[in-house]
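Student: When you get a sec, could you give me coordinates for this:
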Amino acid sequence: MDIFPIEVWVVFQMVIDLFLIMLFLLILKGMKSEIKKNTVKQVAKCFINLVKPVLSEAELVSRGFDVQLAEKRKLINGLNKKLDIKIDKLNSLLNKYDLTISSKVDKSTGGAVYNRQKEIIRLHEKGDDSYTISKKLLITKTEVELLLDFKKKKSLN
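Tutor: The predicted structure is shown next:
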C-alpha cells in the first residue's frame, strides 16, 4: 500500500523542519542588520535636527555681534576725531596763552615785563599748590594747572 515506509516520511519531515528553521534564522539575521542600519540613521537624523537650531541661533548671534562691533568702531573713530580737534584747539590756546603772558606788562613794577609763567613755576617749585598760586596771582586755578601741565609735557618732550 504505502510506497514509502513511515521512517522515510519522518526523515523527510525532519529535513523540511530543518530547512524551515534555517530559513527562519536567515530572515532574523537580515532583519537584525536592517534594524541596526535604521537605528543609526535615526540617531544621526535626530542629532542633526537637534544641532540645526543651535547653529542657526549661533549664526544670528554672530551677525548681531558684527553689527555691534561696526557701530562701536564708528563711535570710536568719531570720538577720536573729536578728541584730535580738541587737542589741536588746546595747543592753539596754550600757544596764544604763552604769547599773551610773555608780552604782558605789570604797571606796578615801573613798566618792566612781568613774566607770569615764570612766577607760576617759581611758586610751584617753592611748594605752593595750584589754589594758592591762583590766589596770589589773581588768576584761575584752571589756568595755573593748565600751564603747569603744559610745562610738564613740554619738558618731557
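
Student: Not counting sequence-adjacent ones, nearest residue to Leu94?
Tutor: Nearest-residue entry for Leu94: Phe150, 5.1 Å, with adjacent residues in sequence omitted and distances by CB to CB, 6 or more residues apart in numbering. C-beta coordinates here come from the backbone N, C-alpha and C atoms, glycine included.

Student: I'd like to know how far the one you found sits from Lys96.
Tutor: Per CB to CB, to the nearest Å, Phe150 is found 12 Å from Lys96.

Student: Same check on Ile21?
Tutor: On the measure of CB to CB, Ile21 and Lys96 end up 112 Å apart.

Student: do the same with Leu147
Tutor: 13 Å.

Student: can you check Ile16 too?
Tutor: As judged by CB to CB, Ile16 and Lys96 stand 119 Å apart.

Student: What pLDDT is listed against the residue positioned nearest the centre of the chain?
Tutor: Nearest residue to the geometric centre of the chain (CA atoms, centre = their mean): Leu69, 7.7 Å. pLDDT recorded at Leu69 is 90.

Student: gap between it and Ile76?
Tutor: Relative to Ile76, and taking CB to CB, Leu69 is found at 10 Å.

Student: now His124
Tutor: Look at His124 and Ile76: by CB to CB, they are 36 Å apart.

Student: neighbour-wise, which of those two wins?
Tutor: His124 (17 against 10; other CB atoms under 10 Å).

Student: what's near enough to touch the more buried one?
Tutor: Ile133, Leu148 (CB atoms under 8 Å, 6 or more residues apart in numbering).

Student: Check the model's average confidence along stretch 12-29 for me.
Tutor: In this model, stretch 12-29 has an average pLDDT of 89.

Student: Now name the helix or strand holding Ile3.
Tutor: Under DSSP states H and E, no helix or strand contains Ile3.

Student: Could you measure from it over to Leu69?
Tutor: Distance of Ile3 to Leu69, given as CB to CB: 96 Å.

Student: How about Glu59?
Tutor: Taken as CB to CB, the span from Glu59 to Leu69 is 15 Å.

Student: What of Tyr97?
Tutor: Relative to Leu69, and taking CB to CB, Tyr97 is found at 41 Å.
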